[in-house]
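In: Sequence first, then the predicted structure:
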Amino acid sequence: MVTSVASRVESLASSGIQSIPKEYIRPQEELTSIGNVFEEEKKEEGPQIPTIDLKEIESEDNEVRERCRQELKKAATEWGVMHLVNHGISDELMDRVRKAGQKFFELPVEEKEKYANDQATGKIQGYGSKLANNASGQLEWEDYFFHLVYPEEKRDLSIWPKTPSDYTEVTSEYARQLRALASKILSALSLCLGLEEGRLEKEVGGLEELLLQMKINYYPKCPQPELALGVEAHTDVSALTFILHNMVPGLQLFYEGKWVTAKCVPNSIIMHIGDTIEILSNGKYKSILHRGLVNKEKVRISWAVFCEPPKEKIILKPLPETVSETEPPLYPPRTFAQHIQHKLFRKSQNGLSK
């Protein structure tokens, strides 16, 4: 079943509606915390998401390298999210990735429908919108394009956008460079737990099995942004998530009981620690609750790449080195697939939970 054009949020947004359908309106208890994202982003007071400079992460100088690692550790322990700068991926490549995704979303909806996914038959890759199967039965103000981008031999290029013509080339190069960045981060996070450098990488599948899934999120302008969310509050199930965006604010993190809006830091990549690393580290590294706001004035686009372990091959549980008599395991052993099912079940039972 191909979803009808009318069910795309972009079609709804461009139809001239002044008020949004009730399926998109958040519950009362959430509405009190949804503000104007542009005003929220300007706020200087209160906690701010850390910015981590990775320039010295592989420095020859031990002391300099260690300082960089400790900053990364602090951000991963206290926040579980950070802006990465000097990450080694060129501004030019990031710009090309953004342009390619933007050009695809500028195509007429009818053209994008040729790439439509079909969740009912398990065809999850392609162009889609959230179906009302989430906990609240509610919809989110976004359309998206989802596809596996690495390892290269596991890709299905037949469903990748043909327009623009450089989409595959640019996205593939970005995926290769992100994969190398993921290795660097996983190495540093391993060492900071007192593990061997390659340990976390191995535990999440290594070069052969760790999957990089890209989701381009397209958040159209919303006539009533104070009533909707682009993406509802959740933690990522991944090991790590890397996010590029088009410099329109929207990401919020739930930190110390309050929603904190991420600033737009030029040339940065936002990185989340996902549930997988939280579990392996026995909760020492945090997977933070986050959500996406929308606005009236500007379309927001983000490019999220989820680094995920294989669904069945690996049992996720706290590593023995992270457990002690005083720090018993906080998570039972589960495969990645079981963790996802557990989250969906918990969510349907009692709202947000890991």
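Out: Now that the structure is in, tell me what you want to look at.
In: The one helix or strand Lys202 maps to packs against which elements?
Out: Using DSSP states H and E, Lys202 maps to helix 199-203. Applying 3 or more Cβ pairs under 8 Å, 6 or more residues apart in numbering; DSSP states H and E, we find helix 199-203 packed against helix 167-192, helix 275-280. C-beta here means a position set from N, CA and C on the backbone, and glycine is covered the same way.
In: would you list every one of the helices in this structure?
Out: Using DSSP state H, the helices of the chain run over residues 9-13, 28-31, 37-42, 62-78, 91-106, 109-112, 167-192, 199-203, 206-209, 275-280, 336-350.
In: can you redo those helices as TSV with mean pLDDT and distance to Pro329?
Out: As requested, the helices of the chain are exported to TSV (pLDDT from 0 to 100; distance: least, Cβ to Cβ, whole Å):
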stretch	mean pLDDT	distance to Pro329
helix 9-13	96	41
helix 28-31	94	33
helix 37-42	96	37
helix 62-78	97	18
helix 91-106	98	39
helix 109-112	96	45
helix 167-192	98	18
helix 199-203	98	15
helix 206-209	95	23
helix 275-280	98	9
helix 336-350	82	14
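In: Against Ile34, how distant is Val305?
Out: Plainly put, Val305 is 27 Å away from Ile34 if you go by Cβ to Cβ, to the nearest Å.
In: More neighbours: those two, which one.
Out: Val305 (27 against 19; other Cβ atoms under 10 Å).
In: check contacts around the more buried one.
Out: Val149, Ala175, Leu178, Leu212, Gln213, Met214, Lys215, Thr241, Phe242, Ile243 (Cβ atoms under 8 Å, 6 or more residues apart in numbering).
In: out of those, which one sits closest to Glu60?
Out: Leu178 (24.6 Å; Cβ to Cβ).
In: can you count the residues close to that closest one?
Out: Residues lying near Leu178 (other Cβ under 10 Å) number 23.
In: from memory it sits against Leu212, does it?
Out: Yes: taking Cβ atoms under 8 Å as the definition, Leu178 is a contact partner of Leu212 at 6.5 Å.
In: list the residues that contact both of these two?
Out: Tyr150, Val305.
In: where does the closest residue to Lys298 other than its chain neighbours fall, phi/psi-wise?
Out: Once flanking residues are discounted, Lys298 sits nearest to Val248: 4.8 Å by Cβ to Cβ, 6 or more residues apart in numbering. Here is the backbone geometry of Val248 (degrees, to the nearest 10): phi -110, psi 130.
In: Surely Val248 is in contact with Leu293?
Out: No: using Cβ under 8 Å, Val248 is not in contact with Leu293; the gap is 10.2 Å.
In: The two: who's more crowded?
Out: Leu293 (28 against 18).
In: which residue sits closest to that one in space, ignoring its chain neighbours?
Out: Val37 (4.3 Å).
In: List the contacts of that neighbour.
Out: Contacts of Val37 (Cβ under 8 Å, 6+ apart): Pro225, Pro249, Gly250, Thr261, Leu293, Val294, Asn295.
In: Hmm, Ile270 and the second one touching each other?
Out: No: counting by Cβ under 8 Å, Pro249 sits too far from Ile270 to count as a contact (11.6 Å).
In: anything in contact with each of these two?
Out: Common neighbours of Pro249 and Ile270, using Cβ under 8 Å, 6+ apart, are Ala262.
In: Which of the contacts of Val37 ranks first by neighbour count?
Out: Ranking the contacts of Val37 using other Cβ under 10 Å puts Val294 first, with 30 neighbours.
In: I am finished for the moment; much appreciated.
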